[in-house]
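Engineer: Here is a sequence with its predicted model. Questions after.
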Amino acid sequence: MVKLSEIIRKSSGLKYEEKPRLISEAFEIRKNKESLSEIKKTYEEMVLHLMLIMDEIKEGKSVAGGKVGSLAEIITDLLRADSNMLLSLVHIFSYLGKQEDFLYAHSVNASIIATNLGLAHEYGRTELINLCMAALVHDIGYLNVPKDIINKPAKLTREEFDLVKQHTIYGVKLLSKIEGMPESASEVVHEHHEKVDGSGYPNGKRRDEISDFAKIVAIAEVYEAITHPRPYRKEKIIPYQAVKTIVQKEKNSFEPEMIKIFLNSISPYPPGSFVLLNNGVIGRIFSVNKTLPLRPVVEIFFDSDGRPPEKPTRIDLAKSTVVNIDKALDENDL
């Protein structure tokens, strides 16, 4: 397997348009049959690589846009080859290393989700890479927000929240430290907290005033934040409940068409999550049927007697007339 660090080193001085086949050849999942452990290593390197980029920016250094572009290429081509495995890691990892470093994993996770939404939107490869690049840096402005506020284990005061909201302004300025970023990145950094009903910030923009990429990143980063722990909320909410929250409580924040695309690309039962079947079996979602997202392929985790199976067994609920999902489960309750 080609190491992420080698690809980044070779490509950091190039524009991503100059090497469209490099990443896809190195990470063709279906042909090379990458294992989950290998993809996990790649995922971890993605987060660590983004952390290094952010550290350079914090130190006031300029960063070659190829570093972000190469990372976006990897994510884009992995998703185009097989989205299930990479999306499963999004639901497994909330951060690497210290808990206060959640920003880096959040940004990688949000970029994976946003790019997957872009796939459902039928964007071409170049558009997907641009979207992914923008999503990777959407919260770059947090580098200028005091850490004691970001990591506060309690609800923020109004004054503290007003300071946090400035990260969209700080982000646009910090973005100038990265050379060769697409114009859409600035729009995403500035607008990803705007809401179609006008209740967002920093400018209270509505509907068509908000760029399409910003709308995509907005719903992606909200879903990521709900499903992962934060300093002020140690527990994470299972994907099924997160999808319900977005559809029911946040529906005025996003356009109906965007919510429809979200539901078609992010299943309430994503890969890696757990479910209880109506036959008493506890299973882990192995993959999602795109045409029937509520009837995924389930790998048996515990049988109806509470015992792990002797050998891996999967049930394709799309092909079963009698077995279905009874409810989603939190892995902490297993």
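Structural biologist: Sure, I can see it. All values reported here derive from a predicted model rather than from experimental measurement.

Engineer: Give me the number of neighbouring residues for the nearest residue to residue 167 once chain neighbours are set aside.
Structural biologist: Leaving aside its sequence neighbours, residue 167 sits nearest to residue 141 (Cβ to Cβ, 6 or more residues apart in numbering; 3.3 Å). (Each C-beta comes from the backbone N, C-alpha and C, glycine too.) For residue 141, the count of nearby residues is 22 (other Cβ atoms under 10 Å).

Engineer: Equivalent analysis for residue 198, please.
Structural biologist: When neighbours are counted by other Cβ under 10 Å, residue 198 comes out with 14.

Engineer: Run me through the strand neighbours of the longest strand along the chain, direction for each.
Structural biologist: As assigned by DSSP state E, the longest strand anywhere in the chain is strand 292-302. Sheet pairing for strand 292-302, assigned by DSSP bridges, gives strand 282-289 (antiparallel), strand 314-316 (antiparallel).

Engineer: residues in contact with residue 289?
Structural biologist: 295-297, 316-318 (Cβ atoms under 8 Å, 6 or more residues apart in numbering).

Engineer: try residue 276
Structural biologist: 282, 325-329.

Engineer: Partner strands of the strand or helix carrying it, with direction?
Structural biologist: Assessed by DSSP states H and E, residue 276 sits inside strand 274-277. Using DSSP bridges, the strands paired with strand 274-277 are strand 282-289 (antiparallel), strand 325-329 (antiparallel).

Engineer: do you know how far residue 327 is from residue 39?
Structural biologist: 28 Å (Cβ to Cβ, to the nearest Å).

Engineer: Of the two, give the one with the bigger neighbour count.
Structural biologist: Neighbours were counted for residue 327 and for residue 39 using other Cβ under 10 Å; residue 39 has more, 19 against 10.

Engineer: sorry, back to before: can you redo the contacts of residue 276 as TSV with distance to residue 203?
Structural biologist: Formatted as TSV, those follow (distance: Cβ to Cβ, whole Å):
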residue	distance to residue 203
282	47
325	42
326	45
327	41
328	37
329	41
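
Engineer: hmm, which of these are the buried ones?
Structural biologist: 282, 325, 328-329 (16 or more other Cβ atoms under 10 Å).
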